[in-house]
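Participant: sequence unavailable; structure follows:
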């Protein structure tokens, strides 16, 4: 009788878990699995959003890698440069800002955390609009106004329409708004690290803050750092709003600020080459997946 009751209780617990998971599972399948699967299937077709898709095999992928000079010479290098400076640079900056904030009292730490985190929750389009007023190409632009006022330049510079300046400006905007969930996660991890670990490390010969960071802080917050790295990868590679909004055009001037997300929008919603856009999306998905797996391996604990 007792074993029967235990069995019924186990079934009830499992059933309750399934019921609780059902809404999330349904939404995950509806909004993630089905769209991703449809995009992968569409990537093997020629589809203009009007007629029926026609199967073309791997031709979209072959064209992407062999015939699309804009993608190989402009878009992919731009995306990699942006990912290195904003993704990797922002990630390292997030860690050191989180560590620095953990060293100050609670009230100023809270204020600074809110100030640093706020840009990340503001929409990318709104951020780009704000920065557009700074880098506007007329005399009313803040940067041009200051440079003209102090006779550093004679005529206003078209910052956002120049292939030389657009990417650096995008990097500035990206770094300014890179203190997001990953930053909060790392700050939380550092603040919750057992203080006795630092005391024990000092007894064992750790002599300065740098050694504390290397031997105590980083190993202690590996899960938070992995989460922050994965979020940085996803956010960087799906970003595409800043360059288009700053320059006011898609494609951006001389393709200087064109990222993979912009390339997808260009072919999908401007040229209506949906099959080709789906192929680019699939390549982007693979890039994110591979990098996420690499990050997981790097931050996974020994033996896991």
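Facilitator: Right, received. Where do you want to start? Being a predicted model, the structure only gives us computed values, none of them experimental.

Participant: who touches stretch 59-66?
Facilitator: Outside of stretch 59-66, the residues that reach it under the criterion C-beta atoms under 8 Å, 6 or more residues apart in numbering are 43, 44, 46, 71, 72, 275, 276, 278, 279, 280, 283. Where C-beta positions appear, they are placed from N, C-alpha and C, glycine not excepted.

Participant: buried members of those residues into PyMOL, please.
Facilitator: One line in PyMOL is enough to select the buried members of the contacts of stretch 59-66, burial here meaning 16 or more other C-beta atoms under 10 Å:
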select buried, resi 43+44+46+71+275+276+278+279+280+283
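
Participant: can I get the contacts of stretch 59-66 in JSON lines with pLDDT?
Facilitator: Formatted as JSON lines, the contacts of stretch 59-66 follow (pLDDT from 0 to 100):
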{"residue": "43", "pLDDT": "94"}
{"residue": "44", "pLDDT": "95"}
{"residue": "46", "pLDDT": "94"}
{"residue": "71", "pLDDT": "94"}
{"residue": "72", "pLDDT": "93"}
{"residue": "275", "pLDDT": "95"}
{"residue": "276", "pLDDT": "95"}
{"residue": "278", "pLDDT": "95"}
{"residue": "279", "pLDDT": "95"}
{"residue": "280", "pLDDT": "95"}
{"residue": "283", "pLDDT": "94"}
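
Participant: and which of the contacts of stretch 59-66 is nearest residue 220?
Facilitator: Of all these, residue 283 has the smallest distance to residue 220: 36.6 Å, by C-beta to C-beta.

Participant: need the contact list for that closest one.
Facilitator: Residues counted as contacts of residue 283 (C-beta under 8 Å, 6+ apart) are 61, 64, 260.

Participant: after the worst-scoring helix or strand of the chain on mean pLDDT, heading C-terminal, what element do we hit next?
Facilitator: When the helices and strands of the chain are scored by mean pLDDT, DSSP states H and E, helix 2-28 comes last with a mean of 70. Per DSSP states H and E, helix 2-28 leads on to helix 34-42 as the next helix or strand towards the C-terminus.

Participant: residues contacting the following helix or strand past that following helix, please?
Facilitator: Per DSSP H and E, the first helix or strand lying C-terminal to helix 34-42 is strand 45-46. Outside of strand 45-46, the residues within contact range by C-beta under 8 Å, 6+ apart are 53, 54, 55, 56, 59, 60, 273, 275, 278.

Participant: could you pull out the strands in the chain for me?
Facilitator: Taking DSSP state E as the criterion, the chain carries its strands at 45-46, 54-55.

Participant: pLDDT at residue 304, what is it?
Facilitator: Looking at residue 304, its pLDDT stands at 47.

Participant: swap that for residue 263, please
Facilitator: At residue 263, the pLDDT recorded in the model is 93.

Participant: how close does it get to residue 233?
Facilitator: Computed with C-beta to C-beta, to the nearest Å, the distance linking residue 263 and residue 233 is 18 Å.

Participant: of these two, which one has the most company?
Facilitator: Just comparing residue 263 and residue 233: by other C-beta atoms under 10 Å the higher neighbour count belongs to residue 263, 28 against 22.
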